[in-house]
Structures are given as structure tokens and as C-alpha cells.
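*Asks:* next come a sequence and a model predicted from it.
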Amino acid sequence: MMEFRSYPDRELLAMGLADALASDLKNCLLTHDWVSLCVPGGTSPGDTFRMLSGVALDWDRVHVFLNDERWVPEGHDRSNTSLLRATLLTDRASKAKLVPMVNDADTPEEGIPALEAGFASELPISVLLLGMGADMHTASLFPGADKLDLAMSADAPILVPMRAERAGEPRITLSRRVLADAMETHVLIMGDEKRTVLERARNQDPMDAPIAAFLKDAVVHWAP
Ligand SMILES: O=C1O[C@H](COP(=O)(O)O)[C@@H](O)[C@H](O)[C@H]1O
């Protein structure tokens with residue numbers, strides 16, 4: 001069943017969520033040689049990542065990768081990888097291994113074969129954090145996107161290229177089956193609008209509200 005955790009402000013949310021992710025990672029590390037942490041990009045997770053990066057755990061046994069990436073070079077101000085390097089893969093967490101989700105290919109379609117080879121041994125995801133846009137997209141699973149059917153299907157590949165009007169640049173995303181297979185799932189949302197949108201999404205078809213595909217056993221973390 002979905003659990004909803006409400007925090008009085010965004011700083012406490014970042015602390016509480018970092019704590020929850022660290023605790024899940026530590027638990028998984030008790031029984032596995034290495035574990036994976038799959039995280040969103042976008043504007044919401046920066047403070048959580050900064051707090052998590054200072055937590056003492058066996059970071060050299062943690063493999064980190066994104067839910068999705070915008071097909072822009074690293075260093076671009078829209079690059080989720082750059083956000084990750086600047087906010088999560090610092091301090092103690094600089095020992096974690098980053099599994100790349102972007103390369104030098106001109107398009108996601110050309111880049112995917114090499115990237116997918118790197119993901120095959122990283123699954124299933126141990127600890128998953130998802131974000132959500134106000135249009136109910138999560139990762140780069142956008143309502144109305146060109147390859148949404150494929151990305152949401154039971155036999156989807158690990159990585160799917162994605163283009164959508166609201167996405168801006170071309171994207172690459174983990175598919176639904178890969179994300180839904182995670183052992184622990186957390187969702188991070190902030191603000192009244194996203195809370196209302198998430199409540200609405202719960203009763204909708206995931207093809208219209210992709211976040212709905214991941215809420216059943218998720219812990220949702222929210223602050224105004
Ligand atoms: O484009 C993206 O958007 C979502 C939500 O981002 P936010 O800025 O509203 O927090 C994010 O989860 C996803 O990873 C990212 O690529």
C-alpha cells in the first residue's frame with residue numbers, strides 16, 4: 001500500500017528522505033555485495049542528494065544511476081548527470097560508482113546499445129527514487145510521448161529513447177518494467193500542486209498518468 005509522508009518544510013523533507021534512502025541502502029548492503037540506487041534529475045532532489053552524500057555508508061559498494069537523462073552533453077545546464085555529480089557524487093558518496101546514461105552519440109537511438117550493455121548487470125534496482133512533473137510524468141515517461149507504448153510494455157528493453165512536446169530535448173529513460181521491479185520505491189514531490197496531481201494520478205491509467213504505475217508500494221515524501 002502507498003505510504004504518504006508529509007514534512008513541515010523542504011529542509012526537513014530532504015533530511016527525512018536522505019535518511020530513508022540511507023537506511024534502505026544500508027539494509028540492502030547487509031545481504032548484497034553491492035547495491036544500486038536509481039535517482040531522478042530535475043529541480044527537486046538537489047538538497048536530498050547533498051544530505052545523502054554526507055552519510056556514512058559503504059559507498060564503494062553502491063552503484064548510482066539516473067531514472068532518465070536529457071540527451072545533452074555533460075556540463076549542459078539541463079544535464080541530469082551534471083546535477084548528480086555536483087550534488088550526490090561528492091563528499092562520502094564520491095566513492096560510489098556512476099553507471100552512465102549518456103554518451104557521445106548524436107542521438108539516444110545511436111547511444112543506447114553501448115549504454116544498455118552497462119545496465120544489464122545492474123538490475124534489479126535496489127533502491128529507487130522517482131520525481132514527478134506536474135503533467136504526471138516520471139523518469140522520461142511523458143503522457144503522449146512518441147515511445148510511451150513501448151516503454152510501458154511488459155517486454156520493453158531496459159532503455160528507451162523518448163521524445164515528447166513537453167520534454168524539450170530528446171530523452172532516454174529506463175522502462176516501466178525496470179523501474180517497477182525495484183526492491184524499494186520512494187517518490188519525491190514538493191508543493192500543493194504536485195500533491196493534488198499525485199492524488200489524481202492514483203486513479204488514472206498509467207498511459208495517461210505514468211507515475212501511477214509506481215505508486216502501489218511506494219513511500220511518497222512531500223513538503224509544501
Ligand atoms: O525532466 C525531469 O522531470 C522530472 C521532474 O522534475 P522536477 O524538476 O519537477 O523535480 C524528473 O523526475 C526527471 O528525472 C527529469 O528528467
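*Replies:* Structure's in. What do you need?
*Asks:* going forward, measure contacts between C-alpha atoms and count neighbours the same way
*Replies:* Noted.
*Asks:* for the chain, which residues are neighbours of the ligand?
*Replies:* Applying CA under 6 Å from any ligand atom, one finds that the chain approaches the ligand through 40-44, 67-69, 130-133, 138-140.
*Asks:* residues contacting the residue nearest to L115 when sequence neighbours are not counted?
*Replies:* The spatial neighbour of L115 that comes closest, neighbours along the chain excluded (CA to CA, 6 or more residues apart in numbering), is M101 at 6.3 Å. M101 sits next to 65-66, 68-69, 81, 115, 172 when contact means CA atoms under 8 Å, 6 or more residues apart in numbering.
*Asks:* in helices only, show me the residues of the chain next to the ligand.
*Replies:* Using DSSP state H, no member of those falls within helices.
*Asks:* drop anything exposed from these.
*Replies:* Members of the residues of the chain next to the ligand that pass the buried threshold by neighbour count (16 or more other CA atoms under 10 Å) are listed as 40-42, 44, 67-69, 130-133, 138-140.
*Asks:* for C28, state which of those residues is nearest.
*Replies:* For those, the minimum distance to C28 (CA to CA) is 18.5 Å, reached by L130.
*Asks:* the residue lying closest to R171 once chain neighbours are set aside: neighbouring residues, count only.
*Replies:* In this structure, R171 finds its nearest non-sequential neighbour in R70, 4.5 Å apart by CA to CA, 6+ apart. Summarising burial for R70: neighbours were counted as other CA atoms under 10 Å, giving 27.
*Asks:* what does the one 4 residues further on give?
*Replies:* Other residues near E74 number 17, with proximity taken as other CA under 10 Å.
*Asks:* which residues touch it?
*Replies:* With contacts defined as CA under 8 Å, 6+ apart, the neighbours of E74 are 81-82.
*Asks:* which of the three states applies to it?
*Replies:* coil (DSSP: H, G, I helix; E, B strand; the rest coil).
*Asks:* count the neighbours of L52 for me.
*Replies:* Using other CA under 10 Å, L52 is surrounded by 26 other residues.
*Asks:* my guess is it contacts S23. True?
*Replies:* No - look at L52 against S23 with CA atoms under 8 Å: they stay out of range, at 10.5 Å.
*Asks:* what's the next secondary structure element after the longest strand along the chain?
*Replies:* What stands out as the longest strand in the chain, according to DSSP state E, is strand 184-190. Scanning forward in sequence from strand 184-190, with DSSP states H and E defining helices and strands, the next element found is helix 192-201.
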